[in-house]
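**Q** Give me coordinates for this.
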Amino acid sequence: MSKFTNFILFNGFIYVIYMGIDKVLTFLGVYSNPKLGEDLSVMPTNGDIAWIVCNTLISGILTIYILYKIKTFKA
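**A** Numbering: from 1, shown residues only. Sure thing, here's the model as predicted:
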């Protein structure tokens, strides 16, 4: 795959995975305010920032793993 294709796939996968995890965390009520991310006047707490960083790391690692599996897939 070309670098541009990798760039597009990486950003697409990471967005979808991040949003999925974010929906689960919002459903579970982990964030301090349910309007977090929807209203610019809502400021995240330190706990919210920790969850966001964890979500970003998990999304990035899963995306790298998925892209690796796509690259090594042989039909």
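
**Q** When you work out contacts or count neighbours from here on, use the C-alpha atoms and nothing else.
**A** OK.

**Q** Could I get the phi/psi values of G60?
**A** phi -60, psi -40 (degrees, to the nearest 10).

**Q** mind listing what it touches?
**A** Residues in contact with G60 (CA atoms under 8 Å, 6 or more residues apart in numbering) are I14.

**Q** host element of the most centrally placed residue in the chain?
**A** Residue closest to the average C-alpha location in the chain (CA atoms, centre = their mean): Y18, at 2.0 Å. Element membership for Y18 (DSSP states H and E) is helix 3-28.

**Q** And that helix, what's buried?
**A** Across helix 3-28, burial judged by 16 or more other CA atoms under 10 Å covers 10, 13-14, 17-18, 21-22, 26.

**Q** wait, T63 sits on G12?
**A** No: with contacts counted by CA atoms under 8 Å, T63 stays clear of G12, the gap being 9.2 Å.

**Q** ok, V24 to S41 distance?
**A** 23 Å (CA to CA, to the nearest Å).

**Q** what does F27 give?
**A** Taking CA to CA, one finds F27 at 21 Å from S41.

**Q** Same question for Y15.
**A** For Y15, the distance to S41 - CA to CA - is 23 Å.

**Q** Next: S59.
**A** According to CA to CA, S59 stands 26 Å off from S41.

**Q** So between those two, which is more surrounded?
**A** A direct count of neighbours by other CA atoms under 10 Å for S59 and S41 places S59 higher, at 21 against 9.

**Q** Find out how far stretch 64-75 is from the centre of the chain, if you would.
**A** Distance, stretch centre to chain centre, for stretch 64-75: 19 Å (CA atoms, centre = their mean, to the nearest Å).

**Q** Can you name the residues in contact with it?
**A** Defining contact as CA under 8 Å, 6+ apart, one finds that stretch 64-75 is touched by 1, 6, 9-10.

**Q** quick one: average pLDDT of it?
**A** Taken as a whole, stretch 64-75 has an average pLDDT of 87.
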